[in-house]
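[1] need a structure here:
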Amino acid sequence: MRKILYVITQGEWGGAQRYVFDLATNLGQNFDITIAVGEPAGRLDLQNKLQSWDMKRETNNISIVPLKYLIRSISPFHDTKAVFELAKLYKKIKPDIIHLNSSKAGLLGSLAKLLIINYSSLIIYTVHGWVFNEPTRKIGKIFYRFLEKLTARWKDKIIVLSPQDLLTGKQIGIPEKKLVEIPLGIEVPKFLIKEEARRFLDPRLRGDDIMVGTIANLYLTKGLDILIEAVNLLKRDPSAHPPAGGFSRNDDVKFVVIGEGKERGRLENLIKKYKLENTVFLIGALDDAAQYLPAFDLFILPSRKEGLPYTLLEAMARGTPIIATNIGGVPSLINDGESGLLVESENSQQLADAILWAINNREETKKRAVRASEIVKLLTLEKMINLTKTTYFSHPPEES
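    Reported below is the predicted structural model:
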C-alpha cells in the first residue's frame, strides 16, 4: 500500500487542518497515511477529530505522529531541530508522498529533504494563503518571499487554492511548471433551522434581531478588530455616509463571532472601549460551526489575509448574503455587486457602509446570495480529492 505523509504546523482547527482532515479521511481506505502535527503545547483539535473519526470505522490506515520541535512562532533553535526531526521521520516511514501544509511546515519540511541522500519521495506543498501577505513589517514580507522562492526548489508541486495565489507564485519567481491550482471543495453542511441556531448561540439574541455574523479564529489576520471598529462607527453615528433610505433599526442589529484564539483579550478590550457589550458577542469555538449559519442575516469576512476560506464556501452554500474583503482567493468566489459585496481590508468605514447598504437593500442582497449559492455548487469535495490524487500520481519527483 502506498504511503502518504501529511505535515502540518499545528492542530488548532482552521482551514489548513480541515484540508488535511478531508484529504486523509477520504484517502485513508486506499493509502497508508501518517499525519505529523507540530505545536505540541497547543490545541489538539485536528488530532481529536481524527481519533473520533477513526472510532466510527472498523478499519483505518491513518496514524498520528506528534512533532516536538515544529512550532508556529519563529525560533532558530526549534526550527533547526524541526528540520532534523522531519528528516528522521522521512527516513523512518519512507513515504511515497510528503504533503506539507502551512507556511512553516512548507519551509522546514522542504529543507529536511536536503538531509537525505538518494531521496525519491514526491514533495507536495499546499499554500493556504502566502505567508508574506500576513500583517507584518516590510522586511519580514521580503524575507518570506525569498524563503518561499528558495525552498520551492525542493518541492515537486505547489498547490494553490485560487487564480490569485497562482499569479502571486509566478510573480515571486516560482517556476510555472511547479504550480497547480486546486480550489477547495466542500460537502454542503447540515444546517440548523434559524430559530434553533440563534437560541443556541446566545440567549440574549432575540428572534427579531438583525444578526450579522462570522466564523473565524481570533487571529490578527482575520481582521475582527476592523469589524468592531465598523460596528463602533454604526453605533456612534448610524447615519454616517448613509445609503438611500437611511437606517433606523441600529439598536436591533447584533454582531456575532464564532471562534477562539489569542486575540480574544484585545478584542474584548475593544468591545468594552466602545461600549458594545450588548451588540458584539464573542461566542467562542463551536464544533461544526457552519451549522449555525442560518442564524445570520448577513455573513462578514473582514480578513487581512486569506487563501480560499472554507467559511466563505459554506456561507455561499447556505445562501447567506456576504460582505468580504477583496483579498487572496476571495474575488474568485465573490463578484462584487453580483454575488456579494467586496470591500478593501483595513477599511472600517467602507465595511460599515457596506453593512448599512446590505441591511437596507435586503431583496437585492438575497438575489446576490442566490447567485453565490449557484457558484459554490461547482466546488465539491469529490472534485478536490480527485484533482489532488491526480497531482500526487501524475508527477514524478524532480531532481533538485
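[2] so residue 105 is in which element?
    Here residue 105 sits within helix 103-112, counting by DSSP states H and E.
[3] now the strands for the stretch 51-200 of the chain?
    With DSSP state E, counting those that start in this stretch applied, the stretch 51-200 of the chain shows strands at 62-66, 97-101, 122-127, 157-160, 179-181, listed in chain order.
[4] which of these sits most buried?
    Greatest average neighbour count among the strands of the stretch 51-200 of the chain goes to strand 97-101 (a mean of 26), per mean count of other CB atoms under 10 Å. Heads up, the C-betas are built off the backbone N, CA and C, glycines and all.
[5] report the separation between residue 25 and residue 359.
    39 Å (CB to CB, to the nearest Å).
[6] tell me the SS of the nearest residue to residue 202 once chain neighbours are set aside?
    Nearest non-adjacent residue to residue 202, counting by CB to CB, 6 or more residues apart in numbering: residue 281, 5.4 Å away. What DSSP: H, G, I helix; E, B strand; the rest coil gives for residue 281 is strand.
[7] what is the burial count for residue 281?
    20 (other CB atoms under 10 Å).
[8] count the residues that sit near residue 370.
    11.
[9] so what's it up against?
    residue 319 (CB atoms under 8 Å, 6 or more residues apart in numbering).
[10] Three-state assignment for it, please.
    Assignment for residue 370 (three-state DSSP): helix.
[11] report pLDDT for it.
    For residue 370, the pLDDT comes out at 97.
[12] gap between the closest residue to residue 24 other than its chain neighbours and residue 61?
    Once flanking residues are discounted, residue 24 sits nearest to residue 33: 5.2 Å by CB to CB, 6+ apart. With distances taken as CB to CB, residue 33 is found 6 Å from residue 61.
[13] domains in the protein, by residue range?
    3-185+380-393, 194-376 (automatic domain parsing).
[14] thinking again about what came up before, ok, the residue nearest to residue 202 to residue 113 distance?
    Distance, residue 281 to residue 113, by CB to CB: 46 Å.
[15] host element of the residue nearest to residue 66 when sequence neighbours are not counted?
    In space, residue 66 comes closest to residue 40 once its chain neighbours are excluded; the distance is 5.5 Å by CB to CB, 6+ apart. Residue 40 is part of no helix or strand, with elements assigned from DSSP H and E.
[16] pLDDT at residue 53, what is it?
    86.
[17] correct me, but it touches residue 26?
    No: Residue 53 lies out of contact with residue 26 (CB atoms under 8 Å); the separation is 10.8 Å.
[18] wait, residue 113 sits on residue 125?
    No: Residue 113 sits out of contact with residue 125 when judged by CB under 8 Å, with a separation of 11.2 Å.
[19] so, low pLDDT: which residues of the stretch 301-400 of the chain?
    Counting by pLDDT under 70, the stretch 301-400 of the chain contains low-confidence ranges at 395-400.
[20] in it, what residue spans correspond to helices?
    310-318, 348-360, 362-376, 381-393 (DSSP state H, counting those that start in this stretch).
[21] how about TSV for those helices, with distance to residue 155 added?
    Shown next, in TSV, are the helices of the stretch 301-400 of the chain (distance: least, CB to CB, whole Å):
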stretch	distance to residue 155
helix 310-318	24
helix 348-360	36
helix 362-376	29
helix 381-393	12
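[22] need the winner for burial among these.
    helix 310-318 (a mean of 23).
[23] list the contacts of the residue nearest to residue 66.
    66, 67, 68, 71.
[24] please work out how many residues are found near the residue lying closest to residue 254 once chain neighbours are set aside.
    Excluding its sequence neighbours, the residue lying closest to residue 254 (CB to CB, 6+ apart) is residue 209, at 4.8 Å. When neighbours are counted by other CB under 10 Å, residue 209 registers 17.
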